[in-house]
Structures are given as C-alpha cells and as structure tokens.
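**Student:** Quick one, fold the following:
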Amino acid sequence: MKSVVRRFVLVSVLLLGVAVSTAQAGQYAQNAAAPAKNIFHVKYISEGTVYLDAGHNSGLEEGMILHLVHAVAGAGTTEAVRFDGQEPVADVRVFSVADSSSAAEIIKSREDLAVGDIAYLDPESVHAREDKVNAAESENYPVVVTFSYGDPLDEEIRATTVSAKNIAPVENQMRGRIGLNYGTLSEGGGVGSRQMGLMIEADMSRIQGTHWNFTGYWRGNLNSQNSGASSGVAPVTLNDLLNRTYHLGLYYDNPDSVITMGVGRLYLPYAPSLSTIDGGYIGRRINGRVTFGAFGGSTPDPTSWSYAPNQNIAGTFVNYQKGDFDHLRLDNTFGLAVTSIAWHVAREFAFAENTISVGHLFSVYNSLQFDKARTVLAGTSYGTGLTQSFSSVRFQPIPLLTFDLNHNYLRNLPTFDPALISVCLVEQAQSQSPCPLLQQYLFQGLSGGVRVDLPYRIAISTDIGKSKNNTDTGSSWNQMYGLTFGEIRNTGLQLDLRYTKFNSAFGQGDYQFISVSRAIGERLRIQVQGGTQHLTSTQSTNSFSKFVTSTVDWTIGPRFFVEGLFSWNMGTTMNYQQTNFTFGYRFGGAFRK
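**Tutor:** Sure, this is the predicted structure:
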C-alpha cells in the first residue's frame, strides 16, 4: 500500500511539473511572438546629443550603437530601413537610459540631423541584447529529470546553463576621402606660384573591431614652384593659414578600459581651451568619475591665444565627471602646464575648465589660466596672477529660444598670428557662428546674446556687449547680428548673413559677410561666399579687404570625387587670386551607381 501511495505522489509531482513547464513555455512563446523593437526615432537634438523615444522598455542599454537615417515623408517606418542600403547620416552611442527615453552622443555625423530621423540598432548591439534576453530566459528553463543514466544534479546544471553565442566581430567602419590637389596663386606684377598637395579626410571608427578611432581632416602642400618673385617665397594666403587649424588624430576610447589616449593633431579632450597640440595625451581612469593623465607636443595652431613658432607644451591634468546629460552634470578639469620656445621655458601656468549643466535647459562654462611670474624675451615682466578667463552662461527655456551671457578677461594681449584677423571672414563662413577671434581676443568684458529659431528654418541671432581692457580709458560697444535661412522657399538654397562691429585695444572696425549654398542631390554641393572688412590696428597693415570664394564638391560614380575652389581677395596689402582642384578616392559607404 505504501508503495502505491509513493508512486501516486511521484506521478502527481511529475504531472504538476509538466503543467507548470507547459504554462511557462506558453508564456515564453507569447513573449517571443512580439520581437524586441529595433527601430526608434529622434525626438530632440542638442549640441552633440540626440534623444530617442525609447529606453529600458525597448531593451536599450548604455553603450549600444545606433545608426541614423533621414525619414522619408509619407512613408512608414519598418525593419526594411536597416537593409535598403541607405547610407547612415550619423552614428550615435547611448550613454544614458530611462524607462521610455534615452540619450546618445553623436560619434560620427555626415549631415545635419533633424527631429524625426530614424535610428536603428547596430548588428552588434542587437546581438548583445539577444544574449541578455537569452540569459534571463535561461532561468525559466525546466529542470530535466532522468533516472536512466547520469547524475540528476549534473543534468540540472546542463539544462539551466546557456552557452554564449559566437558574436560576429564588430564591422570595420571605415569612411573617408584621400586626394591629390593642384593649386595656383597669382598676384599683381606677374608674381605667381603653383602647389601640389595632398588632402586626407578620415572617419574611421572601431578599426578592425577594436576601440581605436582615426578621425579628422588635413590638407597640405607637398611642393611649390614660384615665378616672378626674386625671393622665391610664395605669399601666405588665408586658406593656407586655415589649413594649419585642422585636426587629424588616432584615439583609443574603450568604456571598459582604464586607459584612454590619443596621438596626432588634436585637442586635449578634457581641456579643449588649451587649443590644438601636435603630439598626444594619455589618461588613466581611477574610477567611473576621475581620470588622471599627461599630455605634450607642439602648438601649431596660429589661432591659439599663446602662439609662437617652435613652441612646445607639456603638462598633467585631472578630470572629474558626474551625472548625465538629462539631469545635473558636472565636468571639471584642473592641470599644470609649461611651454617652451627653443627649449627655453616661456610660461608656467595652471589651467582649469569647468562645466555645470542641467539637461538642455541651463549650463555654465568657465575656462581660465593662472600664470607664474615671468620675464619674456623682449624684457617685459609679468607678475603671478590670472592671465585669461572666459565664462559663459546659457539658458534655453524652450527649444526655439536660447539666451547666453558671456564674460571675457585678458591680462595682456594674445600672440596669435595677426594675419588671422582677416580669417574671421573665412572662418565665419565655415562655422556659421560669431568669429572666435573676435569673441575671445578682440572683445573684453560682458556681452549677452539671444537666438530665435523661427518657422521655415529661419534663425535670428544677436550678440551685444561693452568691451573694456585694463588699459582702456573707456568702454566701447560691440555688436554682432546674424540671419540664417535653412532653405529659401523650397529652392534648396541656404543663405547666411552676418554683420559685426568691434572696438577694442587690439583693433577696431567692422565686417559684413554673406554665404549662399545649395546641394543638388547627394553628389553635388555648391557654395559662394563673400564679404568686406575694415580694420584699424597696429597689429595689421591690411586695413581694408574684400573677398569672394566659391567651392564645388562633386562625387563621380560610387568612389571618386572632384573638388574645386576659386578665391579672389583684394585688400590694402593682401591682393591675390587662388584656384585649387582636388581629385580623389572615397572609401567606405560608397554611393550607389
């Protein structure tokens, strides 16, 4: 009788186990019938950051990579967008995730992004999410019980252990252009020159599946032939000066590693206010918030506040980061540095760069340098004290309206190349923002600005303030006005207008600027820009200038491209005509024929 009861109990337990297992399997099948979402949308764009309409509820996690494409008007959003061969316009990495939203940093961008753009997961991120789901589901697998052979405990372990997937290696995402260029330069009196050069534009991320990245842009001359000039020295042009401000570097950035580094012509990412260095940096993360490191190299950028030929810089830094871009975020860097000219110490200074932000609503930024007392080669002496400081407060109550308040302080005049005052005209066209040289070096004091984004992609901006140097007897008003049309009445034309009037101890004057551009399909882009400038300064003999520059960028077939440039400049001392043609090869993300 007892044997019958034991058998009855054993059979009942087995039937109950089968019933529970069947119910769990049915629930799993029901969940599997609704696959995880792979397509998302951009709901907001801030500086270097996009916000998506999905979060933990859709399986998004920090570190995931997504690709962005423009949405097609009138068309639905389906999984087909991942496989239609459309070239992504940007790649982003998720760094902050909430339940139903997430924020991602833009790691590569090829076009302007817009609200409503489609984002889809990179294949590696899809696999990583599937692995996490499989690991979670493995806990629900029924335990296999058998008495015919083996150890029941071993069987249970085998049944509840899910082997790791063989994840495909990360794709080698290499995009860029390399080309040869030929240029001519002619001046009055029969003076002219010809240049042969090379240009490189790189956008290589996760090279060969690693965390090494190679990005930036460089253009330079390989050789030059001159005619009509007894000295045999070709004159320096604005475009030549701008070529010295480009960046091209190799970076290592692994969120799972304590080491971060970079080498090339680049900014120190923890303190970009130090300007460009030709060298490298290395840092070690102590924890998730603190990074110690060192940097060194030459200072090739002629727009730097402290610029001199043959100058070198070296230093150490510590960086502290806390919070995320959706809420309160702190980013603070402190360091010590020394510069040398011909291996003689020129400056010894401390620097700091601090940012406090609250989402996209409010942010405060400050950078400063504090010098040790020194005597320069010319015999001028400077005491220990604050050398320069730039502060900015930004408030954006709604996405269409932005206010900013800025303060700039310089104890002594900068040493950047004075010829670059005229580069404001060209730099203005490239950045479509107030000239950095005017903001940082020619203007001192307090200024405020506002930007309003109107319908039909129209934006109005202004910046007004009073400039006063320590040596000035009185203050003077400085003004900047801008008007931008993202598109003029469905013609595809983009228009940008700027007017600036400045008055400082470094110089006074005004300039006007206009730029018109149009993209014809994905293969052809044309831009024409021009302007005039009046300048009175002891640092420059070019008191008046006007220029017109036109550029054409044309992609031929799936791989080749042609660029053309013509620049005409007439001024008090700078008079020349410059042409440049570039033919090159485009690799990665080829256009369809």
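**Student:** Strands of the stretch 351-500 of the chain, start to end?
**Tutor:** Chain-ordered strands for the stretch 351-500 of the chain, with DSSP state E, counting those that start in this stretch as the definition, fall at 362-371, 374-375, 381-382, 385-398, 401-410, 445-454, 458-467, 476-485, 493-503.
**Student:** got JSON lines for the ones you listed, with distance to T184, mean pLDDT and mean neighbour count too?
**Tutor:** For every residue, glycine as well, the C-beta is placed using N, CA and C. Putting the strands of the stretch 351-500 of the chain into JSON lines (distance: least, C-beta to C-beta, whole Å; pLDDT from 0 to 100; neighbours: other C-beta atoms under 10 Å) gives the following:
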{"stretch": "strand 362-371", "distance to T184": "41", "mean pLDDT": "93", "mean neighbour count": "18"}
{"stretch": "strand 374-375", "distance to T184": "45", "mean pLDDT": "76", "mean neighbour count": "12"}
{"stretch": "strand 381-382", "distance to T184": "45", "mean pLDDT": "76", "mean neighbour count": "12"}
{"stretch": "strand 385-398", "distance to T184": "40", "mean pLDDT": "91", "mean neighbour count": "16"}
{"stretch": "strand 401-410", "distance to T184": "39", "mean pLDDT": "89", "mean neighbour count": "17"}
{"stretch": "strand 445-454", "distance to T184": "40", "mean pLDDT": "90", "mean neighbour count": "16"}
{"stretch": "strand 458-467", "distance to T184": "37", "mean pLDDT": "87", "mean neighbour count": "18"}
{"stretch": "strand 476-485", "distance to T184": "33", "mean pLDDT": "85", "mean neighbour count": "18"}
{"stretch": "strand 493-503", "distance to T184": "28", "mean pLDDT": "87", "mean neighbour count": "19"}
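**Student:** Any idea how far apart the tips of stretch 109-121 sit?
**Tutor:** Distances were taken as C-alpha to C-alpha, to the nearest Å; on that basis the terminal residues of stretch 109-121 are 16 Å apart.
**Student:** ignore the last one, stretch 286-302
**Tutor:** The stretch stretch 286-302 measures 35 Å between its terminal residues, going by C-alpha to C-alpha.
**Student:** Would you format the strands of the stretch 351-500 of the chain as TSV with distance to L66 included?
**Tutor:** As requested, the strands of the stretch 351-500 of the chain are arranged in TSV below (distance: least, C-beta to C-beta, whole Å):
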stretch	distance to L66
strand 362-371	25
strand 374-375	50
strand 381-382	50
strand 385-398	25
strand 401-410	27
strand 445-454	25
strand 458-467	28
strand 476-485	29
strand 493-503	27
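**Student:** Give the burial count for L66, as a bare number.
**Tutor:** A count of nearby residues for L66, using other C-beta atoms under 10 Å, gives 25.
**Student:** for it, what are its contacts?
**Tutor:** Taking C-beta atoms under 8 Å, 6 or more residues apart in numbering, we find L66 in contact with F40, L52, D91, V92, R93, V94, A104, A119, Y120, L121, D122, S125.
**Student:** what helix or strand is it on?
**Tutor:** When elements are assigned from DSSP states H and E, L66 belongs to strand 65-69.
**Student:** which residues are in contact with the next helix-or-strand element following that strand?
**Tutor:** Proceeding N to C from strand 65-69, the next assigned helix or strand is strand 90-97, under DSSP H and E. The contact list for strand 90-97, computed with C-beta under 8 Å, 6+ apart, reads 50, 52, 55-56, 60-68, 102-111, 113, 119, 122, 173, 205, 324-326.
**Student:** quick check: angle from strand 90-97 to strand 65-69?
**Tutor:** With axes from the mean of the first three to the mean of the last three C-alpha atoms, to 10 degrees as the criterion, the two stretches strand 90-97 and strand 65-69 enclose an angle of 130 degrees.
**Student:** before we move on, the earlier item: out of the contacts of L66, which are buried?
**Tutor:** For the contacts of L66, burial is judged from neighbour counts taken by 16 or more other C-beta atoms under 10 Å, and it is met by F40, L52, D91, V92, R93, V94, A104, A119, Y120, L121, D122, S125.
**Student:** Out of those, which comes closest to E563?
**Tutor:** Within those, proximity to E563 (C-beta to C-beta) peaks at D91, which comes in at 24.4 Å.
**Student:** Setting the sequence-adjacent residues aside, check what's closest to that closest one.
**Tutor:** K108 (4.4 Å; C-beta to C-beta, 6 or more residues apart in numbering).
**Student:** wait, isn't the one you found in contact with D203?
**Tutor:** Yes. Between K108 and D203 there is a contact at 5.6 Å, judged by C-beta atoms under 8 Å.
**Student:** any common contacting residues for those two?
**Tutor:** For the pair K108 and D203, residues contacting each of them under the criterion C-beta under 8 Å, 6+ apart are R175, T215.
**Student:** list the contacts for the residue nearest to G383 when sequence neighbours are not counted?
**Tutor:** Excluding the flanking residues, the one nearest G383 by C-beta to C-beta, 6+ apart is A373, at 5.0 Å. For A373, the set of contacting residues under the criterion of C-beta under 8 Å, 6+ apart consists of S381, Y382, G383, T384.
**Student:** Let's have the residues you listed in TSV, adding distance to N408.
**Tutor:** Converted to TSV, the contacts of A373 look like this (distance: C-beta to C-beta, whole Å):
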residue	distance to N408
S381	24
Y382	19
G383	21
T384	21
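**Student:** which of these lies closest to E563?
**Tutor:** Relative to E563, and with distances defined as C-beta to C-beta, the nearest of those is Y382, at 45.3 Å.
**Student:** Any idea what that closest one is bridged to?
**Tutor:** Using DSSP bridges, the beta-bridge partners of Y382 come out as R374.
**Student:** so it touches R411, yeah?
**Tutor:** Yes. In this structure, Y382 is within contact of R411 by C-beta under 8 Å, at 7.5 Å.
**Student:** So A346 sits against A314, correct?
**Tutor:** No. Shown here, A346 and A314 do not form a contact pair, counting by C-beta under 8 Å, at 11.9 Å.
**Student:** How are the helices of this structure distributed by residue range?
**Tutor:** Listed in chain order, the helices of the chain (DSSP state H) span 2-32, 123-138, 152-160, 238-243, 423-431, 436-437.
**Student:** returning to what we had before: list only buried entries from the contacts of strand 90-97.
**Tutor:** Applying 16+ other C-beta under 10 Å to the contacts of strand 90-97 flags 50, 52, 55, 60, 64-68, 102-104, 106-109, 113, 119, 122, 173, 205, 324-326 as buried.
**Student:** Looking at the contacts of L66, which is nearest Y499?
**Tutor:** V92 (35.8 Å).
**Student:** Can you tell me the closest non-neighbouring residue to that closest one?
**Tutor:** Beyond its immediate neighbours in the sequence, the residue positioned closest to V92 (C-beta to C-beta, 6+ apart) is A104, lying 3.8 Å away.
**Student:** Would you mind measuring from the one you found to E87?
**Tutor:** Distance, A104 to E87, by C-beta to C-beta, to the nearest Å: 19 Å.
**Student:** cool, Y44 as well?
**Tutor:** When C-beta to C-beta is the yardstick, Y44 and E87 sit 24 Å from each other.
**Student:** What of Y281?
**Tutor:** Summarising the geometry, the distance separating Y281 from E87, computed by C-beta to C-beta, is 32 Å.
**Student:** can you pull out the strands in the stretch 101-250 of the chain?
**Tutor:** Taking DSSP E, counting those that start in this stretch as the criterion, the stretch 101-250 of the chain carries its strands at 102-109, 118-121, 173-186, 192-205, 212-227, 248-253.
**Student:** Name every strand pairing with the first one and say which way it goes.
**Tutor:** Taking DSSP bridges as the criterion, strand 102-109 sits next to strand 49-52 (antiparallel), strand 90-97 (antiparallel) in its sheet.
**Student:** Give me the mean pLDDT for it.
**Tutor:** Per-region confidence: strand 102-109 scores 85 on mean pLDDT.
**Student:** Between strand 248-253 and that strand, find me the angle.
**Tutor:** Orientation check (the same axes, to 10 degrees): strand 102-109 against strand 248-253 gives 150 degrees.
**Student:** what's near enough to touch A294?
**Tutor:** Residues in contact with A294 (C-beta under 8 Å, 6+ apart) are Y281, I282, A314, G315, T316, F317.
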